[in-house]
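Student: With the input below, show me the fold.
(2 chains)
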Amino acid sequence: MTGYVVRRLLIMLLMLLLLSLAVFVLFSLLPADVARLTCGKACSPEVIEANRVRLGLDKPVIEQYWIFLKSIFVGRTYPESGGPGSLTCEAPCLGYSFLQKAPVLELIADRLPVTIWLSLGAFILFMVTGMTTGVLAALRRGRWEDRSIMGVSLLGYSLPSFFLGLVVLFFIVIRWQWLPYPSYVSPFEDPVQFLQTMILPWIVLAILYAAFYTRLTRSQMLETLGNDYIRTARAKGLPERTVVGKHALRAGLTPIVTAAGLDLAGLLGGAIITESVFSLPGIGSLAVSSVINPDLPVLVGVTLLAAFFIIVANLIVDLLYAAIDPRVRMG
Amino acid sequence: MSEPILSVQDLRVTFPTEDGLVRAVNGVSFDLYAGKTLAIVGESGSGKSVTAQAIMGLISRRAAQITGKAVFQGQDVVTMPDRQLYRLRGAKISMIFQDPMSSLHPYYRIGAQLVEAVRAHQQVSKAQAREQAIEMLRMVGIPAAERRVDDYPHQLSGGMRQRVMIAMALINSPSLLIADEPTTALDVTVQASILDLIAQIQQTHDTAIIMITHDLGVVADVADDVIVMYGGSVVESAPVAEIFAAPQMPYTLGLLASIPRLDRDPDLRLDPIPGNPPSLISPPPGCAFNPRCGYSRLVPDDRCQQELPELLAVTADHRVRCHIPATDREQLAREALASLATAPVGGEG
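Tutor: Numbers count the residues shown, from 1 in each chain, chains lettered A, B, ... in the order given. Model prediction:
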């Protein structure tokens, strides 16, 4: 088991390395000229060229990548030669945004808590709702409870998030004014305003995702309830509640865990549309602004962060498999 | 004789499906006494497993209509509320299933699964339940039971898993054990040891057993009484000796003829019963076995095609559902048994 974890961690590092290379090369191929973007309209070719050297953009892409990698561990200064007016980006350095005049990592660190709060809240909400309604639907298969749950979830499943978000915002905040206009504060600063801001995006995300988990849980339950060992559990005299809630649910958990891990990772990488609709200053809106402006160093950083979450989630999901299924652990 | 431990009267199980009503069990009746073994024999789809599951209360009342009675120790299982059923199942009536590979939960240690069975019915601590589990595993012949109790099902062989299933079924000392083809999925040598184990336990605990099988060899080994089912109905019932010595129903004869025997000419082909089991949705009119029975010419006026024969007593404990006149049936049985007995022995023929 320990060997397995170590092996997986090494593979994870390798994947991150390859991924960062791919992202770096991909973005350097974009037609946008970062050096040109560093100064405004009144910009002479001399200034652009000076900035190019200052940012190290005059070097070949591979060398730029090497400097980028190195700076994660030792930091870097712009320009490399140092001197008066030089900028330092301390390790771990993911690059420097000359548009926002801040290290990329700092920008990300500012935004990350918002995204984490948003993701975790929504995640808990949709997992609990989705799995509960899914189990309920499976237990009442074919009856009105099942049909109504499935009907509602199909509706939730088919709504686009920008539409649902805007409708909710329009009616609850603007038309009926049940909640103030969303404006993010840290929960440690003003818990009430925090909740007032987060509750709608949580619900919007939860509706979109819960629908999927309802359907997945229901189909998993129906599949496992047909197994011989479920009949054995019933034959032991266990009440139906235990048979379904323990024996059947555990057996059907694997695909649910897989989907949940990747969904959480996806959300942590930035719920772009929901964050934009509710003007939450999270990773998603950072990504959007860095595309529009465009701010390439930030874009590279945000992309790497999202990929990092996905890779880590994959690892955690695989470890959870082993925790759930002894055959994985021992095979 | 004393009161039967289980008395089944006119048990019927019908599943409504989109294609029509599936009449899986059509009026099964029998009595079973403590310490006795009843074998229920028949092809796939004859209704034997459904009968057993109905007696366990394992058939969802939402999915099926169940009528008739199955009175176990004075209580009718068919109309019993779920709460009472939970108390009965696994405690007083237990069941062993056909496939030990898939009948244990793959994610839980066998000890945990046994402990769960104990604690569903006894107010004991986990440690005490675990002691009972180890004791029971030892009794069913699991070597190093105190270590094996922490194994997962996939770490055990098929025979060992079936022993675990038996341990689980017997851990609360039930008065009735239903074994649904307990040896079908196992190697022949393992089969014999599992049957021995069940017989031993029956002797020490005076357990009543319903043995469901399609293997007449198993029947000859373990049964006291035999019920032959066909198309959801009982077509013949008798004590085991009588079934083998004086079978009356052509279907029973067919089953006997299709047993492979070591003392028969290996070149001689087995005599399978021609045709397929009847549809349970629209059974043939008259006798359900008629389309596959070669002897309806012995019955005048096409009665086999038109009229369902009744299950009638031939002797006090031998009943048969057949239109063929009694003298002709006996003649058929004599001929059939003689041809089985005189089949050439050895490989020279």
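
Student: just for the chain, where's the confidence low?
Tutor: Because you didn't say which chain, this covers chain A. In the predicted model, chain A carries pLDDT under 70 at residues A:1, A:331.

Student: meant chain B actually
Tutor: Scanning chain B for pLDDT under 70 picks out B:1, B:261-271, B:341-349.

Student: can you do 80?
Tutor: Scanning chain B for pLDDT under 80 picks out B:1-2, B:185-186, B:258-272, B:274, B:339-349.

Student: residues from it in reach of chain A?
Tutor: B:56, B:58, B:82, B:85-91, B:94-95, B:97, B:99, B:102-107, B:109, B:116-117, B:120-121, B:152, B:154-155, B:165, B:168-169 (Cβ under 8 Å from any Cβ of the partner chain). C-beta: built from backbone N, CA, C; applies to glycine.

Student: Now the residue lying closest to residue A:100 once chain neighbours are set aside: which helix or strand?
Tutor: Spatial nearest neighbour of residue A:100, chain neighbours left out: residue A:107 (6.2 Å); criterion: Cβ to Cβ, 6 or more residues apart in numbering or on different chains. Using DSSP states H and E, residue A:107 falls within helix A:104-139.

Student: After that helix, which helix or strand is next? Please name it.
Tutor: Assigned by DSSP H and E, the successor of helix A:104-139 is helix A:144-158.

Student: Not counting sequence-adjacent ones, nearest residue to the residue of the stretch 1-150 of chain B found nearest chain A?
Tutor: The stretch 1-150 of chain B approaches chain A most closely through residue B:90 (3.3 Å), counting by Cβ to the nearest Cβ. Ranked by Cβ to Cβ, 6+ apart and with sequence neighbours excluded, the top spatial neighbour of residue B:90 is residue A:237, at 3.3 Å.

Student: likewise residue B:13?
Tutor: Using Cβ to Cβ, 6+ apart and skipping the chain neighbours, the partner closest in space to residue B:13 is residue B:25 (4.1 Å).

Student: Let me know whether residue B:294 touches residue B:251 as I believe.
Tutor: No: with contact defined as Cβ atoms under 8 Å, residue B:294 does not reach residue B:251; the gap is 11.0 Å.

Student: Between these two, tell me which one has more neighbours.
Tutor: residue B:251 (27 against 12; other Cβ atoms under 10 Å in any protein chain shown).

Student: Tell me who's in contact with residue A:190.
Tutor: Applying Cβ atoms under 8 Å, 6 or more residues apart in numbering or on different chains to residue A:190 gives no contacts.

Student: can you tell me how far it sits from chain B?
Tutor: Distance of residue A:190 to chain B, computed by Cβ to the nearest Cβ, to the nearest Å: 45 Å.

Student: quick one, strands of the stretch 151-300 of chain B?
Tutor: Taking DSSP state E, counting those that start in this stretch to define them, one finds strands in the stretch 151-300 of chain B at B:176-180, B:208-213, B:225-230, B:233-239.

Student: what's near enough to touch the closest residue to residue B:17 other than its chain neighbours?
Tutor: The shortest distance from residue B:17 to any non-neighbouring residue, by Cβ to Cβ, 6+ apart, is to residue B:281 (7.6 Å). Contacts here follow Cβ under 8 Å, 6+ apart; on that basis residue B:281 touches B:17, B:19, B:20, B:21, B:22, B:23.

Student: Please name the residues that touch the residue of the stretch 1-150 of chain B closest to chain A.
Tutor: If a contact means Cβ under 8 Å, 6+ apart, then residue B:90 has A:235, A:236, A:237, A:238, B:117, B:120, B:121, B:169, B:172, B:174 as its contacts.

Student: which residues does the last one contact?
Tutor: So the one you mean is residue B:174. The contact partners of residue B:174, taken as Cβ under 8 Å, 6+ apart, are B:90, B:91, B:92, B:93, B:94, B:207.

Student: Domain map for chain A?
Tutor: Taking automatic domain parsing as the domain assignment, the ranges for chain A are A:32-93, A:107-330.

Student: Kindly check the end-to-end length of the shortest one for me.
Tutor: By that I understand domain A:32-93. This stretch, domain A:32-93, spans 22 Å end to end (Cα to Cα, to the nearest Å).
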